[in-house]
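Asks: Attaching a predicted model along with its sequence, questions to come.
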Amino acid sequence: MLGRARLRAVTPATALQQARERERAGCLPEAIERYEAAIATADRLGDHTVLAEALRRLAVVRHHRGEADEARELCLRSYGVALHIADDVLAAEALNTLGGLDLTTGSLEEAHETFLQALELGGASQALRARVEQNLGIVANIQGQLTEAVARYERSLDAYRNAGDEHGCAIAYHNLGMVSADRGRLDAADCYFQESRSFAERVGDVHLWALCLVNHAEVHVARQRFEDARQNAESALALFDQLGVRAAKADAYRVIGMVYRETGRPALAESRLRTAIDLARAAGSVLGEAEASRELALLHQAMGRNEEALRLLNTAYRLFRRLDARVDLVHVGGKVAELEGSYLALVREWGQSIESSDNYTYGHCERVARNAVAMARALGLDEHAETTILLGAYLHDLGQVQVPHEILTKAGPLTQVELEVLQMHPIWGIELLANVDFPWDLKPIIRSHHEHYDGTGYPDRLKGDEIPLEAQIVGILDVFDALTTTRAYQAALPVERAIAEVTRLRGWWSDRVFEAFLKVVAVTAAPQPPPPAPPATSAAAESAGSQ
């Protein structure tokens, strides 16, 4: 009670100063108490200037603690008070903070407009200009406009220096470190993070200090300085524990997990990455959960746990797609592109592993995938369809892992029973992926690439346009590659003879697919010098269609 009595006795300005000091020291409960005291005292005494600033600063603290609704309400109150007393700078400060709140919820356009309004209203203030330029730099960085982001951050740094604001300089250096890391300029990122950390320690901003540590740790990982990365991340974790900031703790655990993964300690890596996912999910940090899920997927891929890796990549992809923006400078579009690269690498590796036990078929999926993308372009399909076809081509024969090896490598004709077993592989491929939901619809390719336009294919005897276009593309290239490569049951045909054989079977595919096939193979298929070919028989065609 005595402590509260002392808080009530101080002036509004003194209470505001005390609250700010406690905030920078990372003592958020005490900071909240002092901000609330400043608000109450300023409201009672009619000190609207202090009231507007205390409301805004409390909004920032509530935001750091994940209390988004309370933060927005406080910020709107601050803006209203500032307008009431016609203080343009205070009103612009409130708008700038509101724009920052919009960033965290993914409202990128609203944030950009709000920042521009703040700059127009209060741009005469050097300190305010520094903060708004900083936030416009964040918007540019999120949009992938990294050159503009750097220019904004540099203008922000100049304004902070002119205003004599060391804390602002710490933030600007941190921003420059982040964008430099995004651009792959790791030496520059090193220097910027060191400067930011030095300023943050000097002014006592524990939260920024910890962010510098964990983001610098990611640079250390990229440079394979793993011990430095681990020490930074663990120091950051201790500071985040002190602050009670769960989402940021998730980032620290993620980096520690990455270090353990890259240094060959998979059990420790999995433990730390799962902790990162759990913490991010509990804190409502969509991007934190997405990033940790992706890193765990890469660990599972390295361990050969392909299905688990794909499930985690799918989780990460869905989460990234929910994000339009992030306040701490992640270029989400770049992250999605990076994630799609991880998908391709995993699916490609999995497809190659299917073929690795059979010298005859090794490289089959790679060739089919390459030509399938060329056919998709010839048909004018969009980028999403191209990716679908590429990944589907790599996995189209996934179900063959269930087919006995002696059937796949049999030199002579298959018996009826053996043929029926082989023809189950499209269904088995679907079953293997039953618990995996791809962002691209790969399963129709896997199930239907042996269906024929005339209704003679398998496993469902689909006919005509019942067969997905993507499955037809992979199907015709599957046959062509089987004809032009040596298999256990046949020698490779010259390209011209293989095209003639596909032409003989053209009733298996639609006219547009067949015509696109002819355009592609005329450009991309290089003739192979095979041994003397046996006479073409219907058995060869049947084998090509079934395998």
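Replies: Arrived safely, thanks for sending. Computed from a predicted structure; not experimentally measured.

Asks: A522 and E515: what is the separation?
Replies: 11 Å (C-beta to C-beta, to the nearest Å). Yep, even glycine has a C-beta here, placed from its N, CA and C like the rest.

Asks: Just give the closest residue to A15, not the sequence neighbours.
Replies: Distances taken as C-beta to C-beta, 6 or more residues apart in numbering put A38 closest to A15, at 3.7 Å, once the chain neighbours are dropped.

Asks: Show me what counts as buried in the helix or strand that contains the one you found.
Replies: Assigned by DSSP states H and E, A38 belongs to helix 28-45. Across helix 28-45, burial judged by 16 or more other C-beta atoms under 10 Å covers 28, 30-35, 37-43.

Asks: and if you look at stretch 68-79?
Replies: Under 16+ other C-beta under 10 Å, the buried positions of stretch 68-79 are A71, R72, L74, C75, R77, S78, Y79.

Asks: ok so the third one is a strand residue?
Replies: No - counting by DSSP: H, G, I helix; E, B strand; the rest coil, L74 is not found in a strand; it is helix.

Asks: Just to check, F514 is in contact with I476?
Replies: Yes - look at F514 against I476 with C-beta atoms under 8 Å: they come within range, at 7.0 Å.

Asks: For these two, list the residues in contact with both.
Replies: Common neighbours of F514 and I476, counting by C-beta atoms under 8 Å, 6 or more residues apart in numbering, are V502.

Asks: if we can go back for a sec, check the offset of the helix holding A38 from the chain's centre.
Replies: 40 Å (C-alpha atoms, centre = their mean, to the nearest Å).

Asks: backbone phi and psi for W509, please?
Replies: phi -140, psi 160 (degrees, to the nearest 10).

Asks: now the buried residues of stretch 68-79 in TSV, with pLDDT and distance to D190?
Replies: What follows is the buried residues of stretch 68-79, written out as TSV (pLDDT from 0 to 100; distance: C-beta to C-beta, whole Å):
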residue	pLDDT	distance to D190
A71	90	33
R72	90	37
L74	94	37
C75	91	35
R77	93	42
S78	93	38
Y79	93	39
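
Asks: Including distance to E166, could those go into a markdown table?
Replies: Output for the buried residues of stretch 68-79, formatted as a markdown table (distance: C-beta to C-beta, whole Å):
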| residue | distance to E166 |
| --- | --- |
| A71 | 25 |
| R72 | 29 |
| L74 | 26 |
| C75 | 25 |
| R77 | 29 |
| S78 | 24 |
| Y79 | 27 |
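
Asks: still on that earlier bit, report the lowest-confidence entry in the buried residues of helix 28-45.
Replies: The lowest pLDDT within the buried residues of helix 28-45 belongs to L28, with 83.

Asks: ok, that one touching H63?
Replies: No - between L28 and H63 there is no contact under C-beta under 8 Å: 11.2 Å.

Asks: so what's in contact with the two at the same time?
Replies: Contacts common to L28 and H63, judged by C-beta under 8 Å, 6+ apart, are absent.

Asks: ok now stretch 390-403, how far from the chain's centre?
Replies: Averaging C-alpha positions (C-alpha atoms, centre = their mean) puts stretch 390-403 25 Å from its chain's average.

Asks: Identify each buried residue in that stretch, please.
Replies: 390-401, 403.

Asks: Quick check: nearest residue in space to R57, chain neighbours excluded?
Replies: Y35 (5.9 Å).

Asks: Next: T486.
Replies: Using C-beta to C-beta, 6+ apart, the closest residue to T486 is A492 (4.6 Å).

Asks: And for E501?
Replies: Per C-beta to C-beta, 6+ apart, closest to E501 is L483, 5.7 Å.

Asks: now the angle from the helix or strand harbouring L211 to helix 28-45?
Replies: Per DSSP H and E: L211 is located in helix 206-222. Put simply, helix 206-222 runs at 140 degrees to helix 28-45, going by axes from the mean of the first three to the mean of the last three C-alpha atoms, to 10 degrees.

Asks: low-confidence ranges in this structure?
Replies: Counting by pLDDT under 70, the chain shows low-confidence ranges at 1-9, 105-106, 320-340, 343, 351-362, 487-489, 523-547.

Asks: I'd like to know how far the residue nearest to E501 sits from A189.
Replies: Taking C-beta to C-beta, one finds L483 at 52 Å from A189.

Asks: if we can go back for a sec, isn't the residue nearest to A15 right up against R56?
Replies: No - counting by C-beta under 8 Å, A38 does not reach R56; the two are 11.4 Å apart.

Asks: for the closest residue in space to V139 that isn't next to it in sequence, helix, strand, or coil?
Replies: What sits nearest to V139 in space, not counting adjacent residues and going by C-beta to C-beta, 6+ apart, is H112, at 5.1 Å. Under the three-state scheme (three-state DSSP), H112 adopts helix.

Asks: which residues does H112 contact?
Replies: Applying C-beta under 8 Å, 6+ apart, the residues near H112 are G99, L136, V139.

Asks: Could you identify which of these has the most neighbours?
Replies: Among the contacts of H112, G99 has the most neighbours (other C-beta atoms under 10 Å), with 27 neighbours.

Asks: check which helix or strand covers that residue.
Replies: Per DSSP H and E: helix 88-104 holds G99.

Asks: what about that helix, distance to the chain center?
Replies: For helix 88-104 - counting by C-alpha atoms, centre = their mean - the centre lies 28 Å from the chain centre.

Asks: how about that helix as PDB, C-alpha atoms only?
Replies: Extracted C-alpha coordinates of helix 88-104, given in PDB (Å, rounded to 0.1, in the frame of the first residue of the first chain):
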ATOM      1  CA  ASP A  88       0.000  17.200 -34.000                       C
ATOM      2  CA  VAL A  89       3.200  15.400 -32.900                       C
ATOM      3  CA  LEU A  90       1.400  13.400 -30.200                       C
ATOM      4  CA  ALA A  91      -1.400  12.500 -32.600                       C
ATOM      5  CA  ALA A  92       1.200  11.400 -35.200                       C
ATOM      6  CA  GLU A  93       3.000   9.300 -32.500                       C
ATOM      7  CA  ALA A  94      -0.300   7.500 -31.800                       C
ATOM      8  CA  LEU A  95      -0.800   7.000 -35.600                       C
ATOM      9  CA  ASN A  96       2.700   5.600 -35.900                       C
ATOM     10  CA  THR A  97       2.100   3.100 -33.100                       C
ATOM     11  CA  LEU A  98      -1.300   2.100 -34.600                       C
ATOM     12  CA  GLY A  99       0.500   1.400 -37.900                       C
ATOM     13  CA  GLY A 100       2.900  -0.800 -36.000                       C
ATOM     14  CA  LEU A 101      -0.100  -2.700 -34.500                       C
ATOM     15  CA  ASP A 102      -1.500  -3.100 -38.000                       C
ATOM     16  CA  LEU A 103       1.800  -4.700 -39.200                       C
ATOM     17  CA  THR A 104       1.600  -7.400 -36.600                       C
END
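
Asks: and it, what does it pack onto?
Replies: For helix 88-104, the helices and strands in contact under the criterion 3 or more C-beta pairs under 8 Å, 6 or more residues apart in numbering; DSSP states H and E are helix 48-64, helix 68-84, helix 108-122, helix 126-142.

Asks: buried sites along the third one?
Replies: Under the neighbour-count criterion of 16+ other C-beta under 10 Å, helix 108-122 has L108, E110, A111, H112, T114, F115, Q117, A118, L119, L121, G122 buried.
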